[in-house]
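K.L.:
3D model of this:
(2 chains)
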Amino acid sequence: DTAVSQTPKYLVTQMGNDKSIKCEQNLGHDTMYWYKQDSKKFLKIMFSYNNKELIINETVPNRFSPKSPDKAHLNLHINSLELGDSAVYFCASSHSPFLTMSGQFFGPGTRLTVL
Amino acid sequence: RKEVEQDPGPFNVPEGATVAFNCTYSNSASQSFFWYRQDCRKEPKLLMSVYSSGNEDGRFTAQLNRASQYISLLIRDSKLSDSATYLCVAPTGGGNKLTFGTGTQLKVEL
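P.N.:
Residues are numbered from 1 along each chain as shown, chains lettered A, B, ... in the order given. I've put the predicted structure just below:
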């Protein structure tokens, strides 16, 4: 009965490779997010989708491309991986994009290591 | 002023102590705020939300001071299991984005 799930949990890859991370939520939420948490533990939003439409696109290299096939899924594809991409990537979801009392619910994270 | 600012700690307290964390925010238009808890190598989990003067849930009390633009989290009767990083979160960007503070680390000791 996992609420927000991500795969894979760990990803170790070489510089220059292309990789994808998948996220699914079974909470019936309309809005999903990708966050990056770096080695200093700072959690920063990257993208947000509301009902399959992109609504937040922070200053992220265009090597990162999110895709939402339906409102329960949000995937993240990363091209030409760099050392600085090493981080934990969290997927999250919320009832709506207007965050009143409900907050966001996070997946377990994908720990990406680029060698 | 940073959008959300917290003292990183660590706060080392004995079991049973009362501990309080403060967090300041810059966007005076923000309406509701959150405290998340993050354990080592785990995802952040929603602990409490606060939108009026305050909110209480068992040993945890969150308070909001709009005039001074800060929120606080009070933990009474600390348990070893309360050891974690506590993230202060405020809505920004017109309310559809959450900005997380860098977190305050709490260590509860025997």
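K.L.:
where's the residue nearest to B:Gly16 when sequence neighbours are not counted relative to chain A, distance?
P.N.:
Nearest residue to B:Gly16, sequence neighbours excluded (Cβ to Cβ, 6 or more residues apart in numbering or on different chains): B:Asp77, at 5.7 Å. Every C-beta, even on glycine, is put in place using the N, C-alpha and C of the backbone. Computed as Cβ to the nearest Cβ, to the nearest Å, the B:Asp77 to chain A distance reads 25 Å.
K.L.:
find the helix or strand that B:Asp77 is a member of.
P.N.:
In this structure, B:Asp77 sits in neither a helix nor a strand according to DSSP states H and E.
K.L.:
for A:Ile21, same thing?
P.N.:
With DSSP H and E as the criterion, A:Ile21 is inside strand A:19-25.
K.L.:
again with A:Leu54
P.N.:
For A:Leu54, the enclosing helix or strand under DSSP H and E is strand A:53-57.
K.L.:
for the very next helix or strand once past that strand, packing partners?
P.N.:
Using DSSP H and E, the helix or strand that directly follows strand A:53-57 along the chain is strand A:64-70. Packed against strand A:64-70 by the contact rule (3 or more Cβ pairs under 8 Å, 6 or more residues apart in numbering or on different chains; DSSP states H and E) you find strand A:43-50, strand A:53-57, strand A:73-78.
K.L.:
of those strands, which is nearest B:Asp57?
P.N.:
With Cβ to Cβ as the measure, strand A:43-50 is the member of the helices and strands packed on strand A:64-70 nearest B:Asp57 (22.6 Å).
K.L.:
and the helices and strands packed on strand A:64-70 as JSON lines, adding distance to chain B?
P.N.:
Below are the helices and strands packed on strand A:64-70 laid out as JSON lines (distance: least, Cβ to the nearest Cβ, whole Å):
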{"stretch": "strand A:43-50", "distance to chain B": "4"}
{"stretch": "strand A:53-57", "distance to chain B": "6"}
{"stretch": "strand A:73-78", "distance to chain B": "15"}
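K.L.:
coming back round to it: partner strands of the strand holding A:Leu54 and their direction?
P.N.:
Note on strand A:53-57: by DSSP bridges, its sheet partners are strand A:43-50 (antiparallel).
K.L.:
what's the partner strand in contact with?
P.N.:
A:30-38, A:54-58, A:60, A:64, A:66, A:68, A:71, A:74, A:76, A:90, A:96-97, B:44, B:87, B:96-100 (Cβ atoms under 8 Å, 6 or more residues apart in numbering or on different chains).
K.L.:
list buried residues within those residues.
P.N.:
Among the contacts of strand A:43-50, those buried by neighbour count (16 or more other Cβ atoms under 10 Å in any protein chain shown) are A:30-37, A:56, A:64, A:66, A:68, A:71, A:74, A:76, A:90, A:97, B:44, B:87, B:96-100.
K.L.:
done for today, thanks.
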